[in-house]
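In: any chance you can model this:
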Amino acid sequence: MRATGDRPEYEGQAHRIDLIEHDSGAFADHHRVTDPRLDRNERRWRLVTTAAVAVVAIVAAVVWWPRATPSEWRVYQAAPIPAAGLGEELVFDDPPGQLVHADLAPAPTDRKPELGYVFGEPDGTITTRRWASFRTRPTSLPQAPESGGIANVGGVPAEVRRVRVRHSVQWGPLDGRTWTVTTNLLDEAQSLEFANQVAIVDDQPALAYGYDLGSLQPLGSIAALDCVETLTSLLAGERVPGPAMPTMLTWAPAPPGSPQTLEGAASLGSIPAPADVLPLVEFVLGAGRAITIHDLPAVMITSKSLGPVVAWLEDGRLIMVVGELVTDELIALAESVRPATSGEWRVVGRSAARDDGISFNLGDSVTLYQGVDPSTGDTFSFRVQVAEDQLIVCVEGRSAGTLSAACDASLGLVELPILTVVGLSGRQFVLAIIGTAEAEGAALRITRADGSFEMLPLEDFVPDIDAYAVATLLPADHGAVELWNGGKVVASL
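Out: Just a heads-up that it's a prediction; the model follows:
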């Protein structure tokens, strides 16, 4: 069904459009009176009958909605997002530095993927050339009332919006669903026409056989597009909600004696995704070069938004490796991606940033020390926790509203007391722990080069072990570092 009506006067707002297809036969003079023997009443009766037929034809055109008859539709098989397969617990075999940021997927929700499909021109992207997509989801809301006087799809009211070269058409509920069409570089009439050609047939997206796609080609499911956009958004620094949620880890080198920076950093992101996802990666990020990773099809892209990217689908999971590295180095890093060991993932899991990018979730960790970098004004904290008899220490820092964390899981709890220096994020911390039963006025003593010293008492900070603990930033001019208990030195550095 084609859309007709006046052009919109203003951009970016909803408009009223009559969606009535021209029917040359509806108003044809098939019953023209030529017989003079017909009396005036009979001629009037025939004219009334003709007008009634015309009105019925107009109403039928307005409320028509494509019904799911298999012979009338091109059905596109949309692969589901797999519930099982490769998990999020992925790391680099030889990461380029320390873990500085971790953003793990939140707990799954009952939000279901939307049904729909994407059509685009060859070599086009989401910001270039012509494309059209539709998406729909079930709703329990009552059917929208029929309307013949405003812009409509299938006889129900439709809202049409335009932003620059992109149109959005929303309508419903219709057939128990809400519907959205989005187009790029199609005009309003073309967008409404496309909207009147979409359907769901046997729970699969479909397009009317009679609709001419022209230069547009089927690219993939709307669920696949959503997975790509959700993952790339997280890699760009913003988490958006969706039926599938991604995970991202970032490592960065820290030269000895230098503060941690993101120069030379590399990120590893992944998300559960359907089998048709890879073409949508290039649709979102731009055309790339075909390569293989783990003997699987992959693509190497230099994107405007993320920089160099290697992407591939492995066992139901879309994986992306991003970093400002030489191409061969980035590909080699992607080849090294493997499932993490339980110990490696415990470290990752204790430094997981959550949705808003502001609050860190370090599980059951407790803060032993907080400070401010005098040269930058950035805040940081030293945190500890115990998982499966393993002591995990992390430094969490905030810079310009961005949080990062570096962790060390190499410390054991086999024997107490512990007095050790922990180097994380370019800083040196001293950590002291002693068993509760042995503690007798336990304190950490740090002597400075000028002979002055400070005593820091150990307290019951660690809930998972029967011990007292304390931590602090190690001064650059420190001398002896000692753990005192019962009036004597029990450990020293």
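In: who's residue 266 bridged to?
Out: Per DSSP bridges, the residues bridged to residue 266 are residue 251, residue 323.
In: which residues does it contact?
Out: Listed by Cβ atoms under 8 Å, 6 or more residues apart in numbering, the contact partners of residue 266 are 92, 95, 96, 250, 251, 252, 321, 322, 323, 325, 330, 333. Just so you know, the C-beta spots here come from the backbone N, C-alpha and C atoms, and that holds for glycine as well.
In: the same query, at a cut-off of 6 Å, please.
Out: For residue 266, the contacting residues are 96, 251, 323, 333, by Cβ atoms under 6 Å, 6 or more residues apart in numbering.
In: and the helices in the stretch 201-350 of the chain, which stretches?
Out: Counting by DSSP state H, counting those that start in this stretch, one finds helices in the stretch 201-350 of the chain at the ranges 222-235, 278-285, 327-335, 342-349.
In: CA atoms only for the last one, dumped as PDB, please.
Out: Presented in PDB, the C-alpha positions along helix 342-349 are these (Å, rounded to 0.1, in the frame of the first residue of the first chain):
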ATOM      1  CA  SER A 342      39.100 -20.400  37.600                       C
ATOM      2  CA  GLY A 343      41.900 -18.400  39.300                       C
ATOM      3  CA  GLU A 344      42.200 -15.900  36.500                       C
ATOM      4  CA  TRP A 345      38.400 -15.300  36.400                       C
ATOM      5  CA  ARG A 346      38.300 -14.800  40.200                       C
ATOM      6  CA  VAL A 347      40.600 -11.900  39.700                       C
ATOM      7  CA  VAL A 348      38.500 -10.500  36.900                       C
ATOM      8  CA  GLY A 349      35.200 -11.100  38.800                       C
END
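In: quick one on the thing from earlier: out of the helices of the stretch 201-350 of the chain, which gets nearest to residue 491?
Out: When the helices of the stretch 201-350 of the chain are compared by Cβ to Cβ, helix 342-349 sits nearest residue 491, at 25.3 Å.
In: let me see the mean pLDDT of the closest one.
Out: Averaging pLDDT along helix 342-349 yields 75.
In: and for stretch 89-98?
Out: For stretch 89-98, the mean confidence score works out to 91.
In: quick one: contacts of that stretch?
Out: 251-254, 266, 270, 333, 336-340, 344-345, 406.
In: top of these by number of neighbours, please.
Out: Most neighbours among those, by other Cβ atoms under 10 Å: residue 406, with 27 neighbours.
In: around residue 198, count how many other residues there are.
Out: Residue 198: 24 neighbours (other Cβ under 10 Å).
In: so the nearest residue to residue 418 once chain neighbours are set aside: helix, strand or coil?
Out: Ranked by Cβ to Cβ, 6 or more residues apart in numbering and with sequence neighbours excluded, the top spatial neighbour of residue 418 is residue 433, at 4.3 Å. Put simply, residue 433 is strand when judged by DSSP: H, G, I helix; E, B strand; the rest coil.
In: give me the beta-bridge partners of residue 433?
Out: Judged by DSSP bridges, the bridge partners of residue 433 are residue 418, residue 469.
In: burial of it, as a residue count?
Out: Residue 433 is flanked by 26 other residues according to other Cβ under 10 Å.
In: and for residue 231?
Out: 28.
In: how about stretch 84-95: buried residues?
Out: Buried residues in stretch 84-95, counted by 16 or more other Cβ atoms under 10 Å: 86, 87, 88, 89, 90, 91, 92, 95.
In: what does stretch 445-461 give?
Out: So, applying 16+ other Cβ under 10 Å, buried residues of stretch 445-461: 445, 446, 447, 456, 458.
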